[in-house]
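> sequence-free structure coming up:
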């Protein structure tokens, strides 16, 4: 094991390192990657998607890499294999992430309406108490 990786696998180390990068800086970093490194990163993305790790980050990285290296990805046989493997994973994980997000938003909406009802009921009680004084 490489001591520079702090005892973790290269894939996990790369994921942890990418998760600490700010979104604006992440785009600049991906822009500066050569095609071979971007292809290696796509291969890592495949593993992360299979494990369901950092879905939002993984989807953002995949779309950035595909947008930036579209021509070369289509022309390279090895890259097409990675893209064919990653495409159904991206769709599946993005859909499940969207479902969870929608469920959470619906729950927040219900919670907000309950808070509004409680605040409204407390306000009406306060007004009735003010009228009797």
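Looks like it arrived, so ask away. This structure is a prediction, so every number in the text was calculated from the model and none was measured.
> can you map out the strands along the chain?
Here the chain has no strands by DSSP state E.
> biggest helix in it by residues?
Longest helix in the chain, counting residues (DSSP state H): helix 77-131.
> contacting residues for the most centrally placed residue in the chain?
For the chain, the residue nearest the mean C-alpha position is residue 56 (0.6 Å; C-alpha atoms, centre = their mean). Going by C-beta atoms under 8 Å, 6 or more residues apart in numbering, residue 56 touches residue 97. In short, each C-beta sits where N, CA and C put it, glycine included.
> any idea how far it lies from residue 45?
From residue 56 over to residue 45 the distance is 12 Å, taken as C-beta to C-beta, to the nearest Å.
> try residue 79
Residue 79 sits at a distance of 12 Å from residue 45 (criterion: C-beta to C-beta).
> looking at these two, which one has more neighbours?
More neighbours surround residue 45 than the other of residue 79 and residue 45, with 26 against 20 (other C-beta atoms under 10 Å).
> OK, contacts around the more buried one?
Residue 45 makes contacts with 58, 61-62, 65, 86, as judged by C-beta under 8 Å, 6+ apart.
> most neighbours among those, which one?
Neighbour tally across the contacts of residue 45 (other C-beta under 10 Å): the maximum, 26 neighbours, falls on residue 58.
> you'd agree that residue is up against residue 47?
No - the criterion here is C-beta atoms under 8 Å, and residue 58 misses it with residue 47 at 9.7 Å.
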